[in-house]
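Enquirer: Any chance you can model this:
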Amino acid sequence: MKAFVFPGQGAQFVGMGKDLYDKSPIAKSLFDKANEILGFSITDLMFHGTDEDLRQTRVTQPAIFLHSVILAKVLGNDFKPQMVAGHSLGEFSALVANGTLSFEDGLVLVSKRAAAMQKACEKEPSTMAAILGLDDEVVEKVCASIDDVVVPANYNSPGQLVISGSNRGIELACEKLKEAGAKRALPLKVGGAFHSPLMEPARVELAKAIEGTPFAAPLCPIYQNVDAKPHTNPDDIKHNLISQLTSPVRWTQIMMNMLADGASSFTELGPGNVLQGLIKKVDREIEAISLQTI
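Expert: Numbers count the residues shown, from 1 in each chain. Down below sits the predicted model:
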């Protein structure tokens, strides 16, 4: 079975999508429409901006979404997914790609998500850190022992788990996790504590937008972040998407479940090849490729 996966925040790069815009009329039309919907020229920032421009959450999230979704549109008849998944932000890309959301509605939700997350980050300083070389259970136990906000946020692959929380909570957790045998505990350059309780204000704000958006029956199952299970019921998909901002991304479990359900190849659509690498860490033998350009 063919599985398509979509990356999240952090995969962006200057020049992303420009070859699509230059060479595909379909892509040019969608990028131009995106500029209208967003009310600013995101194409200028994607094609000619700086790394600093692209690190702004209001730019990063729609930029990655656009690159991923437009790649799927340009593939046309070659895009025939039998299952899809997206890492964090990438879940919105996956939902447009499999027909649950329209391009326009997906972009509006991503833009509102970015704005809501930015506000939550500014309300309370917070951060994330990557923990390498420990079993998930050890990381979970240490996080639970900290007398501050710190939780597992991204289960990326066996031995790689990102934690999220207050600045103090992350600092204390990193110290304890190194003592527990972590190979590395790396603070990440992010705007805040994504996928943690500190994103509750953003979840509430985004929930209103999601509830008011039509969700259609998808063309194929989407394996969602909150429970790593396949879903086809629009109401269930909507509920899980609302819960996503304050829940961990269960990417390791998603990959294992997709493999167990018959995934024979994975294609990553969008900037970077992070997901391709994570898939290989779950199963070195599986066919996994990354498509970034036309």
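
Enquirer: now the strands for the chain?
Expert: Counting by DSSP state E, the chain has strands at residues 2-6, 83-86, 126-132, 150-157, 160-166, 184-187, 222-223, 230-231, 265-269, 287-291.

Enquirer: how about the helices in the stretch 151-294 of the chain?
Expert: According to DSSP state H, counting those that start in this stretch, the stretch 151-294 of the chain carries its helices in the segments 167-179, 200-211, 234-243, 251-260, 274-282.

Enquirer: coming back round to it: of the strands of the chain, which is nearest residue 244?
Expert: Closest approach to residue 244 among the strands of the chain (CB to CB): strand 83-86, 10.1 Å. In short, each C-beta sits where N, CA and C put it, glycine included.

Enquirer: Could you tell me the least trusted of the helices of the stretch 151-294 of the chain?
Expert: Mean pLDDT across those is lowest at helix 274-282; the value there is a mean of 91.

Enquirer: Now do it: which elements does it pack against?
Expert: In this structure, helix 274-282 makes packing contacts with strand 2-6, strand 150-157, helix 251-260, strand 265-269, strand 287-291, judged by 3 or more CB pairs under 8 Å, 6 or more residues apart in numbering; DSSP states H and E.

Enquirer: what about dumping the CA coordinates of the longest helix along the chain to CSV?
Expert: Taking residue count as the measure and DSSP state H as the definition, the longest helix of the chain comes out as helix 103-123. Presented in CSV, the C-alpha positions along helix 103-123 are these (Å, rounded to 0.1, in the frame of the first residue of the first chain):
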residue,chain,number,x,y,z
PHE,A,103,-7.3,23.9,-0.2
GLU,A,104,-8.8,27.2,0.8
ASP,A,105,-10.2,26.0,4.2
GLY,A,106,-7.0,24.2,5.0
LEU,A,107,-4.9,27.3,4.4
VAL,A,108,-7.2,29.5,6.5
LEU,A,109,-7.1,27.0,9.4
VAL,A,110,-3.3,26.8,9.2
SER,A,111,-3.0,30.6,9.2
LYS,A,112,-5.3,30.8,12.3
ARG,A,113,-3.4,28.0,13.9
ALA,A,114,-0.1,29.8,13.4
ALA,A,115,-1.5,33.1,14.9
ALA,A,116,-3.1,31.3,17.9
MET,A,117,0.2,29.5,18.6
GLN,A,118,2.2,32.7,18.4
LYS,A,119,-0.1,34.4,20.9
ALA,A,120,0.2,31.4,23.3
CYS,A,121,4.0,31.5,23.0
GLU,A,122,4.1,35.2,23.8
LYS,A,123,1.8,34.8,26.8
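
Enquirer: Just want the angle from it to helix 234-243.
Expert: 30 degrees (axes from the mean of the first three to the mean of the last three CA atoms, to 10 degrees).

Enquirer: Helix 103-123: which residues count as buried?
Expert: Judged by neighbour count (16 or more other CB atoms under 10 Å), helix 103-123 contains these buried residues: 103, 105-118, 120-121.

Enquirer: how about the helices in the stretch 1-150 of the chain?
Expert: Per DSSP H, counting those that start in this stretch, the stretch 1-150 of the chain carries helices over the ranges 18-23, 25-38, 42-48, 51-55, 57-75, 90-97, 103-123, 136-145.

Enquirer: The closest residue to residue 178 other than its chain neighbours: how many residues sit nearby?
Expert: Counting by CB to CB, 6 or more residues apart in numbering, the nearest residue to residue 178 once its immediate chain neighbours are dropped is residue 185, at 5.3 Å. Residue 185: 23 surrounding residues under other CB atoms under 10 Å.

Enquirer: mind listing what residue 185 touches?
Expert: By CB atoms under 8 Å, 6 or more residues apart in numbering, the residues touching residue 185 are 129-132, 173-175, 177-178.

Enquirer: tell me the pLDDT at it?
Expert: In the predicted model, residue 185 carries a pLDDT score of 94.

Enquirer: what's the answer for the one 5 residues further on, then?
Expert: Confidence at residue 190, expressed as pLDDT, is 81.

Enquirer: Go ahead and confirm it touches residue 125.
Expert: No: look at residue 190 against residue 125 with CB atoms under 8 Å: they stay out of range, at 11.6 Å.

Enquirer: between the two, which one's more packed in?
Expert: A count of neighbours by other CB under 10 Å puts residue 190 above the other of residue 190 and residue 125, at 18 against 13.
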